[in-house]
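Student: This is a predicted model, with the sequence first.
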Amino acid sequence: MSATVPALELRGIQKSFGSVSALSHVDFAAYAGEVHAIVGDNGAGKSTTIKIVTGIHRGDAGEILINGEPLALRHGAADSQDHGIAAVYQDLALVECLDISSNMALGNLPRKFRFLLDRGRMDREAAKVLVELKVRVGDVKTPVGLLSGGQRQVVAIARAVRMDKPIVLLDEPTAALGVQESAHVGRIINELKSAGKAVICVSHDLEFVFKHADRITVLRLGRSVGTRQVQDTSRDEIISMITGLAPASPADPESGDPR
C-alpha cells in the first residue's frame, strides 16, 4: 500500500445519542509506521470516535476507510479484527477472574481438534509476547485480579500486540499510571510504530503525546479542529486549539495533513 494512502481515515463522522450530539464532524487520517494522537478536553468525543471505528457504536453519518477502502459504518464490534483493527479501551475490558494468558487470548482462543482449547499453546503465545515486550507480570496463569493497575494496562496492550493487526487503537493508555509504567507503555508504542503499525492513541497527557506521536488531531465539542505534525507545532498551539482560543486556520485540511 502506498505511503500516501492512510491506513485508517475518518471523514465527516457524526454521532448522536438521542437529542445529544456527541460528534458533529470528525476527520483524521492515520498512516502506517506513525503514531497519531487524538487529544481534546473532556466531552470532546475522543472515546466515542474510537468506539465508532471499532463498531461498538454505530455512526450516523460519514465515512470510515481502511487502506482507502470504505468500511460500513454499521459494522459490528466483532468485525473490527477482520478489518485489521486491534483496540485497547480505557476500561481495559479484562476479566479479573481469568488468568493473564486467557485474557490475552479472548476473542481468538487457540484450539486443537477443532473444539478443544489448546491451553499449552495459549500459555506459550502469551509468555512469548510478554517476553518480547519486556513485561514482568509473573506467571501467565496469574489471575488478572491480582495485578496492579499498571500491570493490567500492559496486559491489555499485550493482548492487542498478540493480535498482530496493522491498526492499533489505544484509548488513554497511560491513564492513572506512574512515570515508569508510562515510560514502558511508550516503549511498546514505539516498537509498534517501528513494526509498521498505524498507532492511534487517545490521550490527555500532552507530555506523553509530544514524546511519542508524529501527528496530533485536536477534537473540540465533537468536531476535529485541526491536525498538526508534532515537529511543526507546540504545546501552546495545541492547548489553544483544545480550548478554542486559537481556532484552526481555514486552510487546515479536515482529514489531517495528507502527504
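Tutor: That came through, no problem.
Student: hey, where'd the helices end up in the stretch 51-200 of the chain?
Tutor: For the stretch 51-200 of the chain, the helices defined by DSSP state H, counting those that start in this stretch cover 100-105, 119-132, 149-163, 179-194.
Student: Please parse the protein into its domains.
Tutor: 1-84+167-259, 95-164 (automatic domain parsing).
Student: As JSON lines, these with mean pLDDT would be great.
Tutor: Formatted as JSON lines, the domains of the chain follow (pLDDT from 0 to 100):
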{"stretch": "domain 1-84+167-259", "mean pLDDT": "88"}
{"stretch": "domain 95-164", "mean pLDDT": "86"}
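Student: These into CSV, with extra columns for mean neighbour count?
Tutor: Using the backbone N, CA and C atoms, a C-beta is placed for each residue, glycine as well. Below are the domains of the chain laid out as CSV (neighbours: other C-beta atoms under 10 Å):
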stretch, mean neighbour count
domain 1-84+167-259, 18
domain 95-164, 16
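Student: how about the nearest residue to residue 165, chain neighbours excluded?
Tutor: Nearest residue to residue 165 in three dimensions, chain neighbours excluded: residue 86, at 4.0 Å (C-beta to C-beta, 6 or more residues apart in numbering).
Student: That neighbour - how many residues pack around it?
Tutor: By other C-beta atoms under 10 Å, 23 other residues sit near residue 86.
Student: For beta bridges, what are the partners of it?
Tutor: On the basis of DSSP bridges, residue 86 is bridged to residue 168.
Student: who's in contact with it?
Tutor: Contacts for residue 86 (C-beta atoms under 8 Å, 6 or more residues apart in numbering) come out as 160-161, 163, 165, 167-169.
Student: Would you check how far apart it and residue 49 are?
Tutor: 16 Å (C-beta to C-beta, to the nearest Å).
Student: same check, this time on residue 82
Tutor: With distances taken as C-beta to C-beta, residue 82 is found 20 Å from residue 49.
Student: before we move on, what about residue 134?
Tutor: From residue 134 across to residue 49, the span is 31 Å (C-beta to C-beta).
Student: same deal with residue 234?
Tutor: Using C-beta to C-beta, we find residue 234 at a distance of 24 Å from residue 49.
Student: in the protein, which spans are strands?
Tutor: Here the chain has its strands, by DSSP state E, at 8-17, 20-30, 34-39, 61-66, 69-71, 85-88, 111-112, 116-117, 167-171, 198-202, 215-220, 223-229.
Student: list the helices and strands the fifth one packs on?
Tutor: Counting contacts by 3 or more C-beta pairs under 8 Å, 6 or more residues apart in numbering; DSSP states H and E, the secondary-structure elements packed against strand 69-71 are strand 61-66.
Student: Each with direction, which strands does the strand it packs on pair with?
Tutor: Paired with strand 61-66 in the same sheet, following DSSP bridges, are strand 8-17 (antiparallel), strand 69-71 (antiparallel).
Student: so how far is that strand from its chain's centroid?
Tutor: 17 Å (C-alpha atoms, centre = their mean, to the nearest Å).
Student: Just the CA atoms of stretch 112-124, as PDB, please.
Tutor: Output in PDB follows, covering the C-alpha atoms of stretch 112-124 (Å, rounded to 0.1, in the frame of the first residue of the first chain):
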ATOM      1  CA  LYS A 112      -6.900 -28.300  18.900                       C
ATOM      2  CA  PHE A 113      -9.000 -30.900  17.200                       C
ATOM      3  CA  ARG A 114     -11.300 -28.000  16.300                       C
ATOM      4  CA  PHE A 115     -13.200 -27.900  19.600                       C
ATOM      5  CA  LEU A 116     -10.700 -28.300  22.500                       C
ATOM      6  CA  LEU A 117      -8.900 -25.300  24.000                       C
ATOM      7  CA  ASP A 118      -5.200 -25.600  23.400                       C
ATOM      8  CA  ARG A 119      -4.100 -24.400  26.800                       C
ATOM      9  CA  GLY A 120      -0.400 -25.100  26.300                       C
ATOM     10  CA  ARG A 121      -0.300 -23.000  23.100                       C
ATOM     11  CA  MET A 122      -2.200 -20.200  24.700                       C
ATOM     12  CA  ASP A 123       0.200 -20.000  27.600                       C
ATOM     13  CA  ARG A 124       3.300 -20.200  25.300                       C
END
